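# Need the 3D shape of this:
(chains A and B)
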Amino acid sequence: MKSLPSALRQGLIRCDECGALAQRGAASRPCPVCGSSLHARIPNSLQRTLAFLLCGYALYVPANIYPIMTVTQFGVGETHTILGGILTLIEGDMLPIAILVFIASILVPLLKLIGLSLLWLCVFYRWQVNARRWTLMYRIIAFVGRWSMLDIFMISILISLVDLGGVAQVLAGPAATAFASVVVITLFAAKNFDPRLIWDNQKI
Amino acid sequence: MNDEFSYETQDTSLNKKAELPLVWLLPICAFIVSGWLIYKSASEKGPVITIDFPTAEGLEIDKTKIRYLDVEIGKVTDININQDAKTIQVTAQMHHTAENYLNQNTSFWVVRPQVGLAGISGLNTLISGAYIEVKPGDGPHQHHFTGLPAAPVLKTEAKGRQFVLETANLGSLGPRTQINFHGIPVGEVLTQELSVHADSIRLVIFIKAPYDQFVRKNTRFWKDSGIDLSAGADGFKVRTGPLVSMLSGGIAFRTPPDDTVKDVKPEYAMFHLYDTYEQSTQIEYRNTLKYVMYFNGSVRGLTEGAPVQLRGIPIGAVTGISLELDAKTADIRIPVTVDLEPDRIKEINKQPNVSNKDMMSRLISKGLRAQLQTGSLLTGQLLVDLDFHPNSKVALHSNNSPYQEFPTIPSSLDQFTHAAQTIMDKIAKLPLNELTTEMNSTLKSLQVTSKAANGMLTDAKQTMGSADKSLQSADQLLRSLEPGSTTRHEIDKLLLELNQSANSVKQLTDYLEQHPEALLRGKDDE
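Next up, the predicted model:
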C-alpha cells in the first residue's frame, strides 16, 4: 500500500470523462484528448457530499414518520408508515418479506447515510484508517443505493393495480416522495464523494 | 511530501474557502420542507384522551376512528382493561381541531349497526367497523371521559326544549319513544326515572323547535299507544296513533286554541301524562267539594271513579267506597265519598259572597238528592245520579266522616223492587177461596143459560131451512131465464117485436109531425 504512489504525486491527472492521463499543470487546463476540464479530485467533493448528506438526513425523518401509502377500503382509509407496514407484515406471518422491506426501506438508506457520514468524517478529520477497507465500504454503498427504490416501485405498482374506485384504492403518501428523495439524494452524495480522498489523507 | 500534501489540500475539495456551491440550496430546502412537515404533524396532533367503555366490542387499535358529524377527529391508539376489571379504557389520539369539543359534558359512544322498530341505523359500520361518535358538550376542559353505553337520543345540538312528563305507569314507553303533535313526529323521550318518592315515573322529553312553542299552559300529553276502540251512542270509534306508535308506543300532545303565545311553558315544565286520549280531553277541575253519601242497599257495581252525574252530565266522581259497622246498633252502612266539581256548572247571575258550598247547600234544600242508577245494563255498572226530588225528606245519618253528608234517596231499582213487593203483598192478601166459589156458581148459571140458548139455536135452524127452500124456487125461476132456454127465446122475440112496433109508431108520429094534414087528408101518394 505504502509503496503505491498516487497519480497526483507523480504529477499526473486522470481525466474524469475519458480516463486519459495528463500532466498536471494549471488547474483549469482542459483534457488534451476529450477537452473536458481536468480535476485532480472531484471539485468541492466534501462540501457537496455534506450538503447531500444533510439533505438526506432531513428527508429521512418525514419519510419514516409520515404514511407512505393510504389504503382505502369501502371508503375507510387506512394509512401505513414504513415501519407500520413492516409490523403489519410481521403480524401477517410474512417474516421474510418483512425482513426484505426492513432491509430495503429502513436499513439500507440509514446505513448509506451513516456510511457516507463516516467516510466524510474520515476524510475531513484525516483519520488514519485501513483505506482499502473504507474504499470497499464506499463501493458497497455506491452499489446498494439503487436497490432502496424497492418500496417506491412496490407502491407505484400497487397504485396502478389497485384502483377500484370506492371499493379499494391505494394512494401514495407524503413519505413516498420523501423516501424517493432520500434514495436519490444519497445516490448523489455517493456520486459526489471522491474515494481517492481517503487515500490522500493516509500518512504513509 | 509535506509540500505536496499541502498542495493537494489546497487544490482539492478540502479547501473550505471555496465559493459556496449551489448544492447547499438542496439541504436548506430539505430542512425547510421536512421541518415544516414535522411542525405541521406535531401541531395537528391534538390531545390524547381516555374514554371508559363497558365493552370494547368492535373497537380496534389504530383502526377505530372518532368522528363528529362523520368527520374524523381522532383515532383509537390503545385499548386497556381498567383496574376494576369491569370496564375498558380506550386511549385516543385526537386531532387538534377536536380540542374545543373535549369538555366535561361531551359524550362518547360507539356506533354499531342497530335494527329497531324506529329504523335501521349505523348500517355503514357493518363494512367499515364500529366507530366512536362524539357529541360536544360544555363545561370545563378535560381529557378523561366515560363513554355512554348507547347512543344518546339527541346526537347533535338540535334546537328545542326539554319538558318533564309525570306518569304512574310507564307501559311500553321508554327513551326514544316518539312524540307526535297532530301526527307529526316532533320529539322523543330522552330519559326515564323514578321520582324521589317512587310514586311516579318522570320522563324527560325533547320537543324540537319550532314545535316547542306549542307546549303551553293547557297542553295535554297522552299515551298514544296501540288502538283505542270505543263504543258510543253514535257507533264504534277506532282511534290509532301513527304506525310506529301502534307498534312500540308513543306520546302525543295537543294544545287548546285558547292558549296564546304568552302561555308558552318554560323549559323543564312539568306535565301530567294521561293514559288515554279520552282522559286527556276531560277538563281538570282543581276546585272540588267532598261529600259523603250513605246508600241503603247494595252498591254492587259502583266502583271508585264511577261518575257522579247531574241530570246526565258528569260533575264529579266517586273517590271512595267503604263499609262501616256501628258497634252500638249493629247497623252496617256504606259511606261513599264523592268529589264534586262545581266549576263544571256554569253559573249565571252570579252572586258575590256565595261559596260553592253554600250554593250546594241551597240546592240540597231545594231537593237535590243522590241516587244510585245503572249506568250500563250490560256490565251492571252503577253511577251516582243527582236530581231534584223536592218531595223527599232529608234523611241524615250520624256522620263520622270529615265530609258533609249528601242526602240520598233509594235507587229506582230499589223503588221498583219495593213497589213490586207491595203489589205482591196485596195479591197475597186477596180472598182467593171465596172468589173461586163465587166463580163456580157464576159458571153454573152460565151453563143453564147456554142450554136455553141451545133450544133457541134449533128454532133458528128450522127457520133457516124454510128460507133455504124459498131461495131454491127463486133459483129455478132465475135458471129458466138463462140464455138458450125457451122462455128466454120467447122473451127476446117479444122484445124484438115490441121494438119493431115502437119504430113504426115513431115513423108515424114523425110523418104526422111533418104532415099534420094527413090526419085529415090521408097519406100523400106523391
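# okay, and for chain A, where does confidence drop off?
A:1-5, A:7, A:9, A:25-28, A:75-76, A:166, A:203-204 (pLDDT under 70).
# Contact residues of it facing chain B?
A:8-9, A:27, A:40-48, A:51-56, A:58-59, A:61-62, A:65-66, A:74-76, A:78, A:123-124, A:174, A:178, A:181, A:185, A:192, A:194, A:197, A:200, A:204 (CB under 8 Å from any CB of the partner chain). For every residue, glycine as well, the C-beta is placed using N, CA and C.
# Now find how far off-centre the longest helix anywhere in chain A is within its chain.
In chain A, taking DSSP state H as the definition, the longest helix is helix A:45-65. Centroid displacement of helix A:45-65 relative to its chain, using CA atoms, centre = their mean, to the nearest Å, is 10 Å.
# Paired strands for the following helix or strand past it, with orientation please.
Following helix A:45-65 in sequence order, the next helix or strand is strand A:69-73 (DSSP states H and E). Applying DSSP bridges, strand A:69-73 is found paired with strand A:76-80 (antiparallel), strand A:168-172 (antiparallel).
# Redo those strands as JSON lines? Include mean neighbour count.
Shown next, in JSON lines, are the strands paired with strand A:69-73 (neighbours: other CB atoms under 10 Å in any protein chain shown):
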{"stretch": "strand A:76-80", "mean neighbour count": "16"}
{"stretch": "strand A:168-172", "mean neighbour count": "17"}
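# residues near B:Tyr294, how many?
20 (other CB atoms under 10 Å in any protein chain shown).
# count of residues packed around the closest residue to it other than its chain neighbours?
Nearest residue to B:Tyr294, sequence neighbours excluded (CB to CB, 6 or more residues apart in numbering or on different chains): B:His397, at 4.8 Å. Residues lying near B:His397 (other CB under 10 Å) number 16.
# what does B:Lys444 give?
For B:Lys444, using other CB under 10 Å, the count is 10.
# How far off centre is the helix or strand where it lies?
Using DSSP H and E, B:Lys444 sits in helix B:432-480. Distance, stretch centre to chain centre, for helix B:432-480: 75 Å (CA atoms, centre = their mean).
# need the next SSE after that helix, C-terminal direction.
Counting by DSSP H and E, what follows helix B:432-480 is helix B:486-514.
# Return the distance of that next one from the chain's centre.
The answer for helix B:486-514 is 99 Å, by CA atoms, centre = their mean.
# can you dump the C-alpha coordinates of stretch B:105-114 into PDB?
In PDB, the C-alpha atoms belonging to stretch B:105-114 read as follows (Å, rounded to 0.1, in the frame of the first residue of the first chain):
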ATOM      1  CA  ASN B 105     -70.300  17.200  29.200                       C
ATOM      2  CA  THR B 106     -69.000  15.900  25.900                       C
ATOM      3  CA  SER B 107     -70.300  12.400  25.400                       C
ATOM      4  CA  PHE B 108     -68.800   9.500  23.500                       C
ATOM      5  CA  TRP B 109     -70.500   6.300  22.300                       C
ATOM      6  CA  VAL B 110     -69.700   3.500  20.000                       C
ATOM      7  CA  VAL B 111     -71.800   3.400  16.800                       C
ATOM      8  CA  ARG B 112     -72.700  -0.200  15.800                       C
ATOM      9  CA  PRO B 113     -75.400  -1.300  13.400                       C
ATOM     10  CA  GLN B 114     -78.800  -1.200  15.000                       C
END
